[in-house]
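S.K.: what would the 3D arrangement of this be:
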Amino acid sequence: MTKKVDITGQLTPDSTPHNAAPNMSTEQSSAAEHEQQNLELALWASQEAIWHWRPLCDTFAITRFKLDRSKDKFNGSRADFIQSIHPDDLSLVEQQLGQHMQNIDGVINVAFRFYHKERWRWLRMRGQANERDSAGMALQVVGTIRDISEQQEQLSRLDHLARYDALTGLLNRRTLLSELQKWAASGAPFCLVFVDLDGFKLLNDTLGHVQGDAYLQSVADTLRRELPKTALIARYGGDEFVCAFHFTADSWQQQVARLVEVRTPFNFNSASMQLKVTGSLGVALFPEHTSNIDELLEFADCAMYQAKEAGKDGYALYQAELYIAKKRKVTMLSELRTAVQQQTLKFELQPKFNALSQMTGAELLCRWYSDTFGQVSPAIFIPLLEEHGLAEALALLALNQAADYLDQLLREAKPVLMAVNISAELITKSGFLDKAAAIFDLRGLDKSWIELEITESVFLQEAKKAEMALQQLRSAGFRVAMDDFGTGYSSLSYISRYQFDTIKIDQSFIQDMLQHQKSRLLVEGIVSICRTLGVNVVAEGVETEQQFQFLKSLGVQRFQGFYLAKPQLFSDIQQQLTHNCAASADNKVSESK
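M.R.: As a prediction, the model looks like this:
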């Protein structure tokens, strides 16, 4: 068994330095003694020990100045000293001492672990030869030694904080990426699993952040317990975790399936609440799917979203076509966001007509031409905008455009009712009404020329809140229309409970009413109820003469559809309104004759 040496364990009386000059005068001796005292005081204050090493005679001495100003001394050989150095650090210390002795390295500066007082301590040793022979070999080396255990422990704590997640103790994202790169370099196949907790936000909001954090810790414990000891497990961010483990053949399937099936009880306020540790898992395989770590993470993330779309609480394996679709969506969203910010979206107007085929209004329709994807359908980009929080920006952009058009038509004395589609979620959003009203108030425009078209999904929110929002819109001066009427579950009840200026019958009923009796009866009933309640009706999606004539016979007041006019530029609307005004004037002149 290796003997450990305590550097304070061998005490010897102080002795005259080996290189002290003989026959020194009393004055010189006093000055040297004073200088020695100053040096000892400085070493005491800095808590550094001084060491001497004479390589040729192999003597190694250490003097430590304690807090009570007494001295501890160690005298022995280099072998006596290095036998207490940690085996992992021994070669580094030996190398520095050996190279310095041979004048290869100019300064000794090394940190190492040293066994002292029943524990490993970190020491920093610095030194330099102050005497060499003619061949350059060191005859004496002098330096200092300092205990840096506290600093090293602090650095170790900082390193731990930099490498691990503070809440769960799992690897953090940066460390995970570094370790995955090492795994990739080895070339051995491994499975990467991206885990996203289903419904964690609701749990966090319901129980509070303290309980939410405890839940995340329970998930971390579950992953540690269920995955192999050699697995990499990281908290990737929020309620997302990433795991990686090596596998053979198709063994990854059993492991991932087990993760999906694991259920862990969670205690809340000392009462056992059986909250399930479930999640949507995305799986990507190295190197089968890719040998690039960044791509592998992207692939697993894409697969995770596919698992969510498939119903959550399960896993999905990466598929190239799904990733391509996701990348396309991400690229499209980026371009769309830029288009909204730079206001490069275009708008067209689809006219609305009365029973005499005279234009009485127009609906503002957004159009987007992408450099990458060409002309993109509103059915694709409008939901994308709403999904990513851009609905308000688009609505305000549309209202500004409608205000510009209305202002121009009023100057030309030929205004028509301008309809603008508004996302249902915006109606109850704080501050939106004020922003919308300001657009027209600042221009001095009458808001009754603007009709806000809202779908029935507004009522999926709190009914009272939706009702109040509709009243506020009408009180502010806007007209309000229910768009796509008939597609919801309680459409008829909405007519009686809420105040709408206009009801737009969904085009699906218009298209089928001449072929299917149920659709025809529904259209007849809607028109009859609206007439009784004094609500205007617009039939949208009118595409044939037969549909137009039948709807007129029911008493429908306004019509919209390709049969009458397709969406067009504002300049075309201006020309048509000018033509209508001229025709109306000619008719009046003819009648007067």
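S.K.: from here on, contacts and neighbour counts on C-alpha atoms
M.R.: Noted.
S.K.: how about low-confidence regions in the stretch 301-450 of the chain?
M.R.: The model of the stretch 301-450 of the chain has no residue with pLDDT under 70.
S.K.: all helices of it, in order?
M.R.: Along the stretch 301-450 of the chain, counting by DSSP state H, counting those that start in this stretch, helices occupy 320-341, 378-387, 391-411, 424-427, 432-441.
S.K.: who does the lengthiest strand in the chain touch, helix- and strand-wise?
M.R.: Longest strand in the chain, counting residues (DSSP state E): strand 119-132. Packing partners of strand 119-132 (3 or more C-alpha pairs under 8 Å, 6 or more residues apart in numbering; DSSP states H and E): helix 87-101, strand 108-116, strand 138-147, helix 149-163.
S.K.: so which bits of the helix or strand that contains Leu216 are buried?
M.R.: Per DSSP states H and E, Leu216 falls inside helix 209-226. Judged by neighbour count using 16 or more other C-alpha atoms under 10 Å, the buried positions of helix 209-226 are 211-220, 222-224.
S.K.: near Gly237, how many other residues are there?
M.R.: Residues lying near Gly237 (other C-alpha atoms under 10 Å) number 12.
S.K.: quick check: phi and psi on it?
M.R.: Per-residue torsions, Gly237: phi 150, psi 140 (degrees, to the nearest 10).
S.K.: again, but for the one 3 residues further on
M.R.: Torsion angles at Glu240 (phi, psi; degrees, to the nearest 10) stand at phi -110, psi 140.
S.K.: need the contact list for it.
M.R.: By C-alpha atoms under 8 Å, 6 or more residues apart in numbering, the contact list for Glu240 reads 194-197.
S.K.: which of those residues count as buried?
M.R.: Looks like the contacts of Glu240 have 194-197 buried, using 16+ other C-alpha under 10 Å.
S.K.: and the nearest residue to Ala436 once chain neighbours are set aside, how many neighbours?
M.R.: Counting by C-alpha to C-alpha, 6 or more residues apart in numbering, the nearest residue to Ala436 once its immediate chain neighbours are dropped is Leu396, at 6.6 Å. Neighbour count of Leu396, defined by other C-alpha under 10 Å: 16.
S.K.: tell me how far Leu396 lies from Val376.
M.R.: As judged by C-alpha to C-alpha, to the nearest Å, Leu396 and Val376 stand 21 Å apart.
S.K.: what is the nearest of the buried residues of helix 209-226 to Val556?
M.R.: Gly212 (55.8 Å; C-alpha to C-alpha).
S.K.: which one is the closest one nearest to, not counting chain neighbours?
M.R.: Spatially, and ignoring its direct neighbours in sequence, Gly212 is nearest to Asn204 (4.8 Å; C-alpha to C-alpha, 6+ apart).
S.K.: Gly282 now?
M.R.: Per C-alpha to C-alpha, 6+ apart, closest to Gly282 is Met304, 3.6 Å.
S.K.: list the contacts of the one you found.
M.R.: By C-alpha under 8 Å, 6+ apart, the contact list for Met304 reads 194-196, 280-283, 315-316.
S.K.: then Glu295?
M.R.: Applying C-alpha under 8 Å, 6+ apart, no residues contact Glu295.
S.K.: would you agree it falls within a strand?
M.R.: No - according to DSSP: H, G, I helix; E, B strand; the rest coil, Glu295 belongs to no strand; its state is helix.
S.K.: who does the spatially most central residue of the chain bridge with?
M.R.: Closest to where the C-alpha atoms of the chain average out (C-alpha atoms, centre = their mean) is Gly237, at 7.8 Å. Judged by DSSP bridges, the bridge partners of Gly237 are Glu240.
S.K.: and for Ala481?
M.R.: Here Ala481, judged by DSSP bridges, has bridge partners Glu453, Thr502.
S.K.: any chance of the helices of the stretch 301-450 of the chain in a markdown table, with distance to Asp105 too?
M.R.: As requested, those are arranged in a markdown table below (distance: least, C-alpha to C-alpha, whole Å):
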| stretch | distance to Asp105 |
| --- | --- |
| helix 320-341 | 56 |
| helix 378-387 | 65 |
| helix 391-411 | 67 |
| helix 424-427 | 72 |
| helix 432-441 | 73 |
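S.K.: out of these, which is closest to Met513?
M.R.: Of the helices of the stretch 301-450 of the chain, nearest to Met513 by C-alpha to C-alpha is helix 378-387, at 24.1 Å.
S.K.: please identify the buried residues of that closest one?
M.R.: Buried residues in helix 378-387 (16+ other C-alpha under 10 Å): 381-382, 384-386.
S.K.: need the residues you listed in CSV (columns: distance to Ala355).
M.R.: Output for these, formatted as CSV (distance: C-alpha to C-alpha, whole Å):
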residue, distance to Ala355
Phe381, 34
Ile382, 31
Leu384, 37
Leu385, 36
Glu386, 35
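S.K.: between those, which sits nearest Asp88?
M.R.: For these, the nearest to Asp88 is Leu384 (57.7 Å; C-alpha to C-alpha).
S.K.: now do Val262, the pLDDT please.
M.R.: Here the pLDDT value assigned to Val262 is 71.
S.K.: what is the neighbour count of the nearest residue to Gln217 once chain neighbours are set aside?
M.R.: In space, and not counting its chain neighbours, Gln217 is closest to Thr168: 5.2 Å by C-alpha to C-alpha, 6+ apart. Thr168 has 18 neighbours, counted by other C-alpha under 10 Å.
S.K.: which SS class is Thr168?
M.R.: Thr168 - assigned by three-state DSSP - is coil.
S.K.: that one against Ala214, yeah?
M.R.: No - here Thr168 does not reach Ala214: they are 9.0 Å apart, not a contact under C-alpha atoms under 8 Å.
S.K.: burial measure for the closest residue to Leu192 other than its chain neighbours, as a count.
M.R.: Once flanking residues are discounted, Leu192 sits nearest to Ala244: 4.5 Å by C-alpha to C-alpha, 6+ apart. Other residues near Ala244 come to 25 when the count uses other C-alpha under 10 Å.
S.K.: now Ile505
M.R.: Residues near Ile505, counting by other C-alpha under 10 Å: 24.
S.K.: also the one 10 residues further on?
M.R.: By the criterion of other C-alpha under 10 Å, Gln515 has 10 neighbours.
S.K.: distance of it from Gly555?
M.R.: Distance of Gln515 to Gly555, given as C-alpha to C-alpha: 20 Å.
S.K.: please enumerate residues in contact with the helix or strand encompassing Phe194?
M.R.: Phe194 belongs to strand 190-197 when assigned by DSSP H and E. The contact list for strand 190-197 (C-alpha under 8 Å, 6+ apart) reads 239-247, 252, 256, 277-287, 296-297, 300-301, 304.
S.K.: who does it pair up with?
M.R.: strand 240-246 (antiparallel), strand 279-286 (antiparallel).
S.K.: residue contacts, the residue nearest to Leu203 when sequence neighbours are not counted?
M.R.: Sequence neighbours aside, Gly212 is the residue nearest to Leu203 in space, at 6.8 Å (criterion: C-alpha to C-alpha, 6+ apart). The contact partners of Gly212, by C-alpha under 8 Å, 6+ apart, come to 200, 203-204.
S.K.: go again using 10 Å as the cut-off
M.R.: Taking C-alpha atoms under 10 Å, 6 or more residues apart in numbering, we find Gly212 in contact with 200-206, 218, 239.
S.K.: quick one on the thing from earlier: possible to save the helices and strands packed on strand 119-132 as JSON lines with distance to Ala539, mean neighbour count and mean pLDDT?
M.R.: Listed next are the helices and strands packed on strand 119-132 as JSON lines, based on distance: least, C-alpha to C-alpha, whole Å; neighbours: other C-alpha atoms under 10 Å; pLDDT from 0 to 100:
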{"stretch": "helix 87-101", "distance to Ala539": "84", "mean neighbour count": "16", "mean pLDDT": "89"}
{"stretch": "strand 108-116", "distance to Ala539": "85", "mean neighbour count": "19", "mean pLDDT": "87"}
{"stretch": "strand 138-147", "distance to Ala539": "87", "mean neighbour count": "20", "mean pLDDT": "89"}
{"stretch": "helix 149-163", "distance to Ala539": "63", "mean neighbour count": "13", "mean pLDDT": "77"}
